[in-house]
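> build me a model from this:
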Amino acid sequence: MGLFSKKERTEERATLDNGLAKTKESFFQKLTKSILGKSTVDDEVLDNLEETLITSDVGVETTLKVIEKLQQRIRRDKYISTSELNSILRAEIAQLLRRPDTKLPASFDAPLPAAPYVILVVGVNGVGKTTTIAKLAYQYKQAGRSVILGAADTFRAAAVEQLTLWADRVGVPIIQQGMGADPASVAYDTLAAAIARHADVAIIDTAGRLHNKVGLMNELTKIRRVMQKLLPDAPHEVLLVLDASTGQNAVEQARQFTSATDVNALALTKLDGTAKGGVIIGISDQFQVPVRYIGLGEKMTDLQLFDPDQFVDSLFE
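Numbers count the residues shown, from 1 in each chain. Modelled structure (predicted):
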């Protein structure tokens, strides 16, 4: 069992390294250019590094926080060589990505804090929300969990059809009432079915529209309220799915959704096709919500639980 686990970890790391290849290449090209011809970190290097981080989609607010830390280090030590910069940056970024312990399960086969464990999935259309739900269902099923899906994105006919198709492919049941149904009603029926069937995990899709904040808040509040009639602490995980390849647009979506509902987990998709992976750092720091999953490809197994230290190791190696 131990050897198998080690093999799995090796495969996961290889997937992560491949998925971050474009981000790593872009980031290190810019980083190398920022210190070219310099032996120590001076104001010019810091200015260049600031530009590097911002253009790597880390974000202005988080970038300024990193630069301030470096300036404090220079004031303390009087001297930082450019050869030390990688290790210092590595440590600072790792610190920004670490979030306090949460009640969310540490892995797909870890003990669940509730039965059923309810995941409410939010996010705009086109970010990979439906495939993320399918991959989550697959991963939990592979871990020996019984899973049920709820198609509560009822404003778009294709959303219900696509999720039903994925449910068939993964081999899990789905509760749906078709287009135009009341999303809260679908969520209620999904949770009722999960309880009746003693399902371990219920994953519920919601409308992929960024309508006005009040409308979004009211809709998600209603879904939460009707579910809590059956399970007072549901949902346990409110997962916001963001497309990493959209860079700062993903930041704006995070701002809208975190202000409209109690998001407590993030999924960043499409990392394998973009050089904008640095957006993970800024979003995690700015909104103080843990990045929980990252999408690194199209295969079901390419959705990984996010490990901040492993991410930083891969980014800097």
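> which parts of this protein are helices?
Here the chain has its helices, by DSSP state H, at 2-19, 21-34, 43-55, 60-77, 82-97, 129-142, 157-170, 183-196, 213-228, 248-260, 279-287, 308-316.
> quick one: the last one to helix 82-97, angle?
Looking back up the chat, that one is helix 308-316. Using axes from the mean of the first three to the mean of the last three C-alpha atoms, to 10 degrees, the inter-axis angle of helix 308-316 relative to helix 82-97 is 150 degrees.
> helices or strands up against helix 308-316?
In terms of contacts (3 or more C-beta pairs under 8 Å, 6 or more residues apart in numbering; DSSP states H and E), helix 308-316 is packed against helix 2-19, helix 21-34, helix 82-97. In short, each C-beta sits where N, CA and C put it, glycine included.
> and the last one, how far out from the chain's middle?
Helix 82-97 sits 22 Å away from the centroid of its parent chain (C-alpha atoms, centre = their mean, to the nearest Å).
> then the shortest one?
Mean-position distance between helix 21-34 and its chain equals 22 Å (C-alpha atoms, centre = their mean).
> so who does the residue nearest the centre of the chain touch?
Centroid-nearest residue in the chain, with C-alpha atoms, centre = their mean: Ala267, separated by 2.0 Å. Contacts were defined as C-beta atoms under 8 Å, 6 or more residues apart in numbering; by that measure Ala267 touches Thr132, Leu239, Leu240, Val241, Leu242, Val291, Arg292, Tyr293, Ile294, Gly295, Leu303.
> in stretch 75-92, what's buried?
Ile80, Thr82, Leu85, Leu89, Arg90, Glu92 (16 or more other C-beta atoms under 10 Å).
> swap that for stretch 295-313, please
Buried, per 16+ other C-beta under 10 Å, within stretch 295-313: 295-297, 300, 302-308, 310-312.
> before we move on, back to that, return the most buried member of the helices of the chain.
A comparison of these by mean neighbour count, using mean count of other C-beta atoms under 10 Å, puts helix 279-287 on top with a mean of 24.
> how about Ser56, nearest residue that isn't a chain neighbour?
Gly278 (3.9 Å; C-beta to C-beta, 6 or more residues apart in numbering).
> that neighbour: neighbour count?
For Gly278, the count of nearby residues is 27 (other C-beta atoms under 10 Å).
> isn't it right next to Leu53, touching?
Yes. Proximity of Gly278 to Leu53 meets the contact threshold set by C-beta atoms under 8 Å, at 7.2 Å.
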